[in-house]
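J.: sequence plus the predicted model coming up.
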Amino acid sequence: MNSPLKILVFGFITFVCSTSYTQTYDTRLEPFYSKAEIQKMIQEDVASYKFIVNALNKALFIAVIPAEKEADIQFDGTLEIDPNLTHTYLSLGLEITDKYQYYKIEGTNQMVVVYPRIFLERK
């Protein structure tokens, strides 16, 4: 094979490979971050990206408020949500902090419990 043909074939293969390559990411982030922000996070701060994705999966749960403990629980607020739907801390507009957070779900005997950062970093 002559040299110009080798260059052309190599260039074509490089072009096809580079255009077909797409970085995958958790699409649940799209309503909250632009694609550019997600790509930048993956490239420059992969630990933060992994933490956020882990938190999407594990940061909160919904539980029935134990009647005997309801008076002792210090709620951080109330949420008007359907407890039967799937929620994430981002979809609820919450942040991961250094403490447990408790939100009463309006019109129910249920609450959202959000784990603290240190708990999620260990999970």
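T.: Nice, thanks for sending it over. Bear in mind the structure is a predicted one, so any value in this text is a computation, not a measurement.
J.: could you use CA atoms for every contact and neighbour count after this?
T.: OK.
J.: residue ranges with poor pLDDT in the chain?
T.: 1-23, 123 (pLDDT under 70).
J.: now the helices for it?
T.: Along the chain, the stretches classed as helices by DSSP state H are 3-20, 35-44, 46-58, 117-122.
J.: need the contact list for T97.
T.: 116-117 (Cα atoms under 8 Å, 6 or more residues apart in numbering).
J.: at 10 Å what do you get?
T.: Contacts here follow Cα atoms under 10 Å, 6 or more residues apart in numbering; on that basis T97 touches 114-118.
J.: neighbours of G107, how many?
T.: Residues contacting G107 under the criterion other Cα atoms under 10 Å number 11.
J.: next one: Y103
T.: The tally of other residues near Y103 (other Cα under 10 Å) stands at 19.
J.: again, but for S34
T.: So S34, with other Cα under 10 Å, has 11 neighbours.
J.: check contacts around it.
T.: Residues in contact with S34 (Cα under 10 Å, 6+ apart) are K40.
J.: how much space between it and Y25?
T.: Look at S34 and Y25: by Cα to Cα, to the nearest Å, they are 12 Å apart.
J.: ditto for L85
T.: 23 Å.
J.: residues in contact with D26?
T.: Per Cα under 10 Å, 6+ apart, neighbours of D26: 38, 49-50, 52-53, 56.
J.: go on, V64?
T.: V64 makes contacts with 70, 104-105, 108-112, as judged by Cα under 10 Å, 6+ apart.
J.: now these: which count as buried?
T.: Using 16 or more other Cα atoms under 10 Å as the burial test, these include 104-105, 110-112 as buried.
J.: closest one to D76 out of those, please.
T.: Within the buried ones among the contacts of V64, the smallest distance to D76 is 8.1 Å, found for K104 (Cα to Cα).
J.: let me know whether that closest one touches P66 as I believe.
T.: No - between K104 and P66 there is no contact under Cα atoms under 10 Å: 12.0 Å.
J.: give me the common contacts of these two.
T.: Common neighbours of K104 and P66, counting by Cα under 10 Å, 6+ apart, are 73, 110-111.
J.: that'll do, ta.
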